[in-house]
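Q: Here's a sequence, model it:
(chains A, B, C and D)
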2 protein chains.
Amino acid sequence: MQDILFEFISKYVSLTEEEKNVIVSLDIFHSVKKGTVLLKEGQKSKNSYFVLKGCIRTYYVLDSEEKTTGFYTEMEAFTPPCVISKTPSDFYISCIEDTILTVSNSDMELEVNSKFPKFETVCRILSEELLAKQRMDFDEFKTSSPEQRYLNLLQKRPDLIQRVPQHQLASYLGIKPQSLSRLRTRILEKDKG
Amino acid sequence: MQDILFEFISKYVSLTEEEKNVIVSLDIFHSVKKGTVLLKEGQKSKNSYFVLKGCIRTYYVLDSEEKTTGFYTEMEAFTPPCVISKTPSDFYISCIEDTILTVSNSDMELEVNSKFPKFETVCRILSEELLAKQRMDFDEFKTSSPEQRYLNLLQKRPDLIQRVPQHQLASYLGIKPQSLSRLRTRILEKDKG
DNA sequence: ATAACACGTTCACTTAAGTTAAGAAAAGAC
DNA sequence: GTCTTTTCTTAACTTAAGTGAACGTGTTAT
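A: Okay, the predicted model is just below:
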């Protein structure tokens, strides 16, 4: 299971056995049950996550309604903005499946960064890449209609549509569950006709 | 003028006079006229930008229509995704005002990073911060209506609404110029009533 | 087993954005 | 200055998303 993390890191730098041992000894691997809430609105946290298996989701509660904004699955890393800004979180993170993930905190990263300078390089490249990727996702979202966004998601992350409840997908697409349902039947009828 | 860059960097690390001189000697400061296109769709580029004065904008051309996705003004840095992914750009960058900016390329950064390790730390922190900030912007966009997004922009970046043409603002808000115009009169009438 | 709840779909109705077109106002070119 | 182009607004009409409610299904709890 840990190999998944090392496979991920190896995309950026190669690690020695010693370095791998240091990471393992940090005891960051955790197994959590479906439904577990990892972070609540209002909490302060220094934790970053890397999903080895399963799926976690970020959501806001606005007007006592859940607004899902992100899903993180196998081989995806996530650092909540509140960790960077050092302010209370304004959203929740929970597991929508039984999940195996790593939980690392920013103090730990600071320490590892100073011991292994190449780790800082990994962090730099990773966040540069994520920033670029997220910017493209944002641009795509802005420039397309809900229907296009759904079709797009179907292409890029077909697994999500299978494993995630529709009402969570809907707010992820920026619409209401009823609209997603309607939009799907509209697409099906186009395919037929 | 260069002091603006140093003021910006000083938020992350303090620079010695020698280090400042190295940066100045790189000759990255440029003055460009309104309307200048800095990057075209299809081009490859290694350039990152930092705006000292003025405003640059990123936009796609889809179905021969411009879709504006970003504005960068004083003290804002921008690295196009194509620089990270090393693929041809799928959008344009142009100056919507006479602009003074720095243009640095990734080879240069690689060199500076190895000469001054603390520069890599600046880059890491900066991209982590931008990533967190952008995620919050994206979340806000997803969870609000066009009208809310406009009101939000009015609060957060009131200058943009003054200095940017409406049709560019509209696509930045994910709507058509006519809808923005209508939405504005709708808000005005609410204020009255 | 049954009650309670969560989830997805459907429908009728409301609201707002997209579309097309026309005209006024402002900015830029000559 | 005038002419041209761009920008912004307005209006009528179309399309799609939001809203509120009902219903069927499937799951959870007791």
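Q: bridging residues for the residue positioned nearest the centre of chain A?
A: The residue lying closest to the centre of chain A (Cα atoms, centre = their mean) is residue A:72, at 2.8 Å. On the basis of DSSP bridges, residue A:72 is bridged to residue A:56.
Q: which residues touch it?
A: Residues in contact with residue A:72 (Cβ atoms under 8 Å, 6 or more residues apart in numbering or on different chains) are A:49, A:51, A:55-58, A:78. In short, each C-beta sits where N, CA and C put it, glycine included.
Q: can you give me the helices for chain A?
A: In chain A, the helices defined using DSSP state H lie at A:2-9, A:17-25, A:81-85, A:106-115, A:117-142, A:146-156, A:158-163, A:166-172, A:177-192.
Q: could I get those as TSV with mean neighbour count, mean pLDDT and distance to residue B:123?
A: Output for these, formatted as TSV (neighbours: other Cβ atoms under 10 Å in any protein chain shown; pLDDT from 0 to 100; distance: least, Cβ to Cβ, whole Å):
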stretch	mean neighbour count	mean pLDDT	distance to residue B:123
helix A:2-9	15	88	19
helix A:17-25	13	89	22
helix A:81-85	19	98	15
helix A:106-115	14	89	13
helix A:117-142	19	95	5
helix A:146-156	15	97	28
helix A:158-163	12	95	32
helix A:166-172	18	97	31
helix A:177-192	12	90	39
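Q: mind putting those in a markdown table, distance to chain B included?
A: Supplementary listing: those in a markdown table, determined by distance: least, Cβ to the nearest Cβ, whole Å:
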| stretch | distance to chain B |
| --- | --- |
| helix A:2-9 | 16 |
| helix A:17-25 | 19 |
| helix A:81-85 | 4 |
| helix A:106-115 | 9 |
| helix A:117-142 | 4 |
| helix A:146-156 | 10 |
| helix A:158-163 | 15 |
| helix A:166-172 | 7 |
| helix A:177-192 | 13 |
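Q: right, and the ones you listed - which one's nearest residue B:42?
A: helix A:117-142 (15.9 Å; Cβ to Cβ).
Q: and the angle for the closest one with helix A:17-25?
A: Angle of helix A:117-142 versus helix A:17-25, following axes from the mean of the first three to the mean of the last three Cα atoms, to 10 degrees, is 60 degrees.
Q: so, in contact with DNA strand D or not, helix A:117-142?
A: No - Helix A:117-142 is not in contact with DNA strand D by Cβ under 7 Å from any atom of the strand; minimum separation 13.3 Å.
Q: Name the nearest residue to residue A:30, sequence neighbours excluded.
A: Nearest in space to residue A:30, with sequence neighbours left out and distances taken as Cβ to Cβ, 6 or more residues apart in numbering or on different chains, is residue A:103 at 5.6 Å.
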